[in-house]
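[1] Provided below are the primary sequence and the corresponding predicted coordinates.
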Amino acid sequence: MLYDIWTVFWRDWLVLKRRMPRFILSRMVAPMLYLVAFGWGLGRSIQVIGGSYIDFLVPGILALNSMNISFNSVTPVHAERIYHKSLEEYLVAPICPYSVVIGKVLAAVLRGLISSSIIVVLAWLFGAHFIITPLFLLVLILNCVIFAEIGFFAAMTIASFEEMGQVNTYILLPMSFLCGTFFSTGTLPDAVRWFIELLPLTHTSYLLRGISSGADIALSSVLVLVFYSLLCFFFSSRVFLRLSK
């Protein structure tokens, strides 16, 4: 099974390696805009307890970016299933169906981590101060895994390219702005805050921000991310197994 996972992962790695320069350049645009607009521009007029606003902002950008990159890295599977009909190559290959899911998710995680490392370098160049620890990396990986699995599930169930775009509009976009990425959820109304704090990106934002600043964190949030990763793997694997029958 490990060899099967490596085979699926290696195929996506070869595609990424050929496009690496374009991938890196394209991943630099949005973080630089966020850092300039919110860090240097708006951030100079915002006071944050315990540091500057750019120090508060960078963990949120990492959470937001890893979510978007991981999700969108798996969505081409939708085109393979609906338009190119190349997903059948995996279905007829003598490999375990779980290997396809895990291999695709790991390839998306790799893209998310590469993109996140670009943000870390840019943030340091912009003067941000934060700490990276093994737990910080674990939280970042879990966030990539969760949204890669959500992307895989969407790619396996949604019938058209337009509907895939609606997932970004109705799910990812609201989380991008409300899940503690640019401001604390403590300013939201209680009912809204209760719902927002159920979402995985909120826990990722709080964990990355707390770890990077050296503050105390709730380990229960790590367990929440682990739970989401297992739950999303169950549903994404189940829908692929159903397709392979």
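    Arrived safely.
[2] Tell me, how many residues neighbour the closest residue to residue 188 other than its chain neighbours?
    On the basis of C-beta to C-beta, 6 or more residues apart in numbering, the spatially nearest residue to residue 188 that is not a chain neighbour turns out to be residue 196, at 6.5 Å. No exception for glycine: its C-beta is placed from N, CA and C like everyone else's. The local packing of residue 196 (other C-beta atoms under 10 Å) involves 17 other residues.
[3] Hmm, residue 181 and residue 196 touching each other?
    No. Between residue 196 and residue 181 there is no contact under C-beta atoms under 8 Å: 10.9 Å.
[4] residue contacts, the residue nearest to residue 188?
    Residues in contact with residue 196 (C-beta atoms under 8 Å, 6 or more residues apart in numbering) are 178-180, 185, 188, 202.
[5] Helices - which of the residues you listed land there?
    Using DSSP state H, the members of the contacts of residue 196 that fall in helices are 178, 202.
[6] Is it possible to get a markdown table of the contacts of residue 196 that adds neighbour count, distance to residue 9 and pLDDT?
    Compiled in a markdown table, the contacts of residue 196 are given as follows (neighbours: other C-beta atoms under 10 Å; distance: C-beta to C-beta, whole Å; pLDDT from 0 to 100):
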| residue | neighbour count | distance to residue 9 | pLDDT |
| --- | --- | --- | --- |
| 178 | 19 | 33 | 88 |
| 179 | 23 | 29 | 90 |
| 180 | 27 | 31 | 86 |
| 185 | 19 | 35 | 84 |
| 188 | 16 | 39 | 83 |
| 202 | 22 | 29 | 94 |
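[7] ok, so of the contacts of residue 196, who is nearest residue 11?
    Here the nearest of the contacts of residue 196 to residue 11, counting by C-beta to C-beta, is residue 179; it sits at 32.4 Å.
[8] separation between the closest one and residue 234?
    From residue 179 across to residue 234, the span is 23 Å (C-beta to C-beta, to the nearest Å).
[9] Spatially nearest residue to residue 175 (excluding sequence neighbours)?
    Spatially, and ignoring its direct neighbours in sequence, residue 175 is nearest to residue 201 (4.8 Å; C-beta to C-beta, 6+ apart).
[10] how close does that neighbour sit to residue 215?
    Residue 201 sits at a distance of 19 Å from residue 215 (criterion: C-beta to C-beta).
[11] The two: who's more crowded?
    With other C-beta under 10 Å as the criterion, residue 201 and residue 215 differ in neighbour count, and residue 201 comes out ahead with 26 against 10.
[12] quick one, what contacts the residue nearest to residue 175?
    By C-beta under 8 Å, 6+ apart, residue 201 lies in contact with 63-64, 67, 143, 175-176, 179-181.
[13] any idea whether residue 16 is helix, strand or coil?
    Following DSSP: H, G, I helix; E, B strand; the rest coil, we place residue 16 in the helix state.
[14] ok, now which ones touch it?
    Residue 16 is in contact with 23, 107, 110-111, counting by C-beta under 8 Å, 6+ apart.
[15] and if you look at residue 135?
    Residue 135 makes contact with 207, 211, 222, according to C-beta under 8 Å, 6+ apart.
[16] Now do the same contact list for the spatially most central residue of the chain.
    With distances taken as C-alpha atoms, centre = their mean, the chain has residue 67 as the residue nearest its mean C-alpha position (2.2 Å). Residue 67 sits next to 143, 147, 172, 175-176, 201, 204 when contact means C-beta under 8 Å, 6+ apart.
[17] okay if I get these as JSON lines plus distance to residue 126?
    Formatted as JSON lines, the contacts of residue 67 follow (distance: C-beta to C-beta, whole Å):
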{"residue": "143", "distance to residue 126": "22"}
{"residue": "147", "distance to residue 126": "25"}
{"residue": "172", "distance to residue 126": "25"}
{"residue": "175", "distance to residue 126": "24"}
{"residue": "176", "distance to residue 126": "20"}
{"residue": "201", "distance to residue 126": "23"}
{"residue": "204", "distance to residue 126": "21"}
